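> This is a predicted model, with the sequence first.
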Amino acid sequence: MAGTLTPPPARPVPVAIETAADAFEALDRALERAGFEDVLAAALRAAKKEPADARVAIKPNLMAARKPEDPPVSYTDPQLVEHLVGRLRASGIGDVAVVESRIGRRPVADAAASVGYSGDGYRVVDLSDEMEPFEYGGVLGRSAVGRTWRDADVRISFAKNKAQWRTFYTGSLANLLGCLPEPDKLAHYSGPGHEPSECCRTILDALPVAFGLVDAWHSGAWKRSLRTGAILASPSLLALDWVMGEKMELDPALNPVVREALYRYGRVPLDRRGDQTPWQKWRSPSVAGVALSGVLADHPWLLRRREGGWTIQ
Amino acid sequence: MDHPMRAYGPNVYEIVLSDYLAGLGAALVAVTIAAAIWPATVLPDATLGGGVLAGLTAGAGLLLTLAGAGVRQNAAALDVGIGLLGGAALAWLVWGAIEGGLLPILVGAALAVLLALVLGLRRRSIRARFKPRFLTPRQFQTMVAVADTMIDGDGREAIAAIEVAINTDHLLADVKSPTTSEIRTVLILLEWVLPILILRPLPFSSLGSFNRRRAVERVIGAKGLFRDIARSLKVLSCAGYYGDQRSMRSVGYRPFDERARGAVDQTPAEYPDPFLSPVRTP
């Protein structure tokens, strides 16, 4: 099997790990250091759009918010998302949407309002409300897509830095599961033939994401919150999630979503920019625990009973 | 801390399975030693039959220990170890129930639970590694063995047997045909029945390449059901192998898009109109 991966890109991919006095400054610096403006300009050129006509979709980690948290450790900080929206609007982008899909029955608008999304200068879009058929190819084949995510000229994944019981941690790749609009994620995006990792990779393939961000200002370590004080950014979601794993002192390839992307896109030479020291006092789920949860995943009724709305975001 | 990108390292289930087998193997051997020291207490009946049961348990333990040393490399030891463990669990339970011994029943029940965990972990480890879409994990392993046997290029294969199996699996997942269920039957027969023809009562995927080849050669010249199996194997392997772009290129095929137009000049030939040409007089 060796040598069958996609050849690596010619130039190393930048991954910025920025710390600062406050989260907004860290976000600005991370965007700058990872070359966000260049990526945005290139994406607009490729779409042949002027900024005023362009549509940008941001996918934060939102529906993981069961209740408002102070500070947020299980979902992307809405203030950071709105700061990013402000930058985009300042760049002249005409239409900015913050998108999510339902997990179970709870509407996205309710969850967004409860954690503090104001909707000033952008739209909060529930992808489950605007489902249309779409040919993804791969394991998803012809299935539902959210119109706003499909039609966006520039897509951004803004994930949360947190541990996850099935994948060790969830990053910008796993965050894309929320772009798949069916509310019952367990039924549609899990199980033999369409594992969550394959679904994330397939939607990334079909609807590429231009830029990835991770809110690691406050993080959800395993069963505890931790102030990690950083923002991560990269044009490559695989590179970004790989560095996330490194910061947690994990082998990132053990994360099935990262591994799936690695199979698909091949090894990426990394240009790590910033503090590479692992998070202090970080705790991850145990290897045995993750494996056992995977074995239990063969019996979805167990998961359904335990969790109600299921996701790996 | 930099971590090198490795795509083909062990997955989380393989790591846990490996550790678990090492511990389980040692525990089974310990049960056997306990049976040797306190036969009247541990065994249902301290006779020759009880000794055989203890030996069966020890055999399962040793094989599982070997399997734990490398779950990919020692898959045959894992297969046989699982079989022995299942047999031992059943024997402990049945014998304990007949003799009315509580301890043997508990041992049998514990072995059954431990066996279920081995099976669950193994199943997930294969699924996590290959993500088969149509075939079950066991059928996928059989398909890898089939591809390795049928695509006998002596090291000149354009793609590996695992990739052939993945191609075939994805192809079968896309095909909507009633014959696909027959393919499952073929793979089951191949896995469990065909090796008996060459007096190797082991799963086909656990055999070495030489013995797999011998088994396949037996059915190639056969008639009836076995001939159908041979044809199915050829179709499955060829579809997976020659359906891949790299294999196509290796045999000289070039996709139409990449072909130069000029191998044959297709521009319309122009001939002078003989009626318009000037009349040449001698």
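On my side now, so go ahead. Remember, predicted model here, so these are calculated numbers, not experimental data.
> who touches residue A:156 in this structure?
For residue A:156, the contacting residues are A:56-59, A:84, A:209-213, by Cβ atoms under 8 Å, 6 or more residues apart in numbering or on different chains. To be clear about C-beta, it is placed using only N, CA and C from the backbone, and glycine gets the same treatment.
> what's the answer for residue B:248, then?
Going by Cβ under 8 Å, 6+ apart, residue B:248 touches B:242, B:255.
> Is it correct that it falls within a helix?
Yes. Judged by DSSP: H, G, I helix; E, B strand; the rest coil, residue B:248 forms part of a helix.
> Now residue A:218: closest residue in space that isn't a chain neighbour?
Distance criterion Cβ to Cβ, 6 or more residues apart in numbering or on different chains; nearest residue to residue A:218, sequence neighbours excluded, is residue A:71 at 4.1 Å.
> element containing residue A:16, please.
Per DSSP states H and E, residue A:16 falls inside strand A:13-18.
> buried stuff in the next helix or strand after that strand?
Next along the chain after strand A:13-18, taking DSSP H and E as the criterion, comes helix A:23-33. For helix A:23-33, a neighbour-count test (16 or more other Cβ atoms under 10 Å in any protein chain shown) marks A:23-24, A:26-31, A:33 as buried.
> Tell me the strands beside the strand holding residue A:16, with direction?
With DSSP bridges as the test, strand A:13-18 is paired with strand A:224-234 (antiparallel), strand A:270-274 (parallel).
> most neighbours per residue, which of those?
Each of the strands paired with strand A:13-18 was scored by mean neighbour count; the highest is strand A:224-234, a mean of 22, by mean count of other Cβ atoms under 10 Å in any protein chain shown.
> Give the rounded mean pLDDT of it.
Mean pLDDT, strand A:224-234: 94.
> wouldn't residue A:123 be in contact with residue A:94 here?
No. Applying Cβ atoms under 8 Å as the test, residue A:123 and residue A:94 come out as separate, 11.7 Å apart.
> returning to that earlier point: which members of the contacts of residue A:156 additionally contact chain B?
Residues of those in contact with chain B (Cβ under 8 Å from any Cβ of the partner chain): none.
> Top of the residues you listed by number of neighbours, please.
Tallying neighbours with other Cβ atoms under 10 Å in any protein chain shown puts residue A:59 at the head of the contacts of residue A:156, with 31 neighbours.
> And the helix or strand encompassing it, what does it pack against?
Element membership for residue A:59, per DSSP H and E: strand A:55-60. If contacts are counted by 3 or more Cβ pairs under 8 Å, 6 or more residues apart in numbering or on different chains; DSSP states H and E, strand A:55-60 sits against helix A:78-90, strand A:95-100, helix A:147-151, strand A:154-164.
> any idea which of these is most buried?
Mean neighbour count (mean count of other Cβ under 10 Å) peaks for strand A:154-164 among the helices and strands packed on strand A:55-60, with a mean of 26.
> distance between that strand and the chain's centre?
Its chain's average C-alpha position is 3 Å from that of strand A:154-164, according to Cα atoms, centre = their mean, to the nearest Å.
> mind saving the C-alpha coords of that strand as PDB?
What follows is strand A:154-164, C-alpha atoms only, in PDB (Å, rounded to 0.1, in the frame of the first residue of the first chain):
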ATOM      1  CA  VAL A 154     -16.100  30.700   0.200                       C
ATOM      2  CA  ARG A 155     -16.600  28.100   3.000                       C
ATOM      3  CA  ILE A 156     -14.900  28.400   6.400                       C
ATOM      4  CA  SER A 157     -14.900  25.800   9.200                       C
ATOM      5  CA  PHE A 158     -14.600  27.400  12.600                       C
ATOM      6  CA  ALA A 159     -14.300  24.500  15.100                       C
ATOM      7  CA  LYS A 160     -13.900  24.200  18.800                       C
ATOM      8  CA  ASN A 161     -10.800  22.700  20.500                       C
ATOM      9  CA  LYS A 162     -12.300  19.900  22.600                       C
ATOM     10  CA  ALA A 163     -12.000  16.200  23.400                       C
ATOM     11  CA  GLN A 164     -14.500  13.800  22.000                       C
END
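> That one: what's the following helix or strand?
Next helix or strand after strand A:154-164 toward the C-terminus (DSSP H and E): strand A:168-170.
> Going by contacts, tell me the helices and strands next to that next one.
strand A:154-164, helix A:237-247.
> For residue 190, the count of nearby residues, please.
As the question left the chain open, I've gone with chain A. A count of nearby residues for residue A:190, using other Cβ under 10 Å, gives 22.
> Sorry, I should have been clearer: chain B.
For residue B:190, the count of nearby residues is 26 (other Cβ under 10 Å).
> What of the one 5 residues further on?
If you count neighbours by other Cβ under 10 Å, residue B:195 ends up with 21.
> likewise residue A:10?
So residue A:10, with other Cβ under 10 Å, has 6 neighbours.
> and the top helix by length along chain B with chain A, contact?
For chain B, the longest helix by residue count, based on DSSP state H, is helix B:102-130. Yes. Using Cβ under 8 Å from any Cβ, helix B:102-130 reaches chain A at B:117, B:120-121, B:123-124, B:127-128.
> And that helix, what's buried?
For helix B:102-130, burial by neighbour count (16+ other Cβ under 10 Å) applies to B:104-105, B:107-108, B:111-112, B:114-115, B:118, B:120-130.
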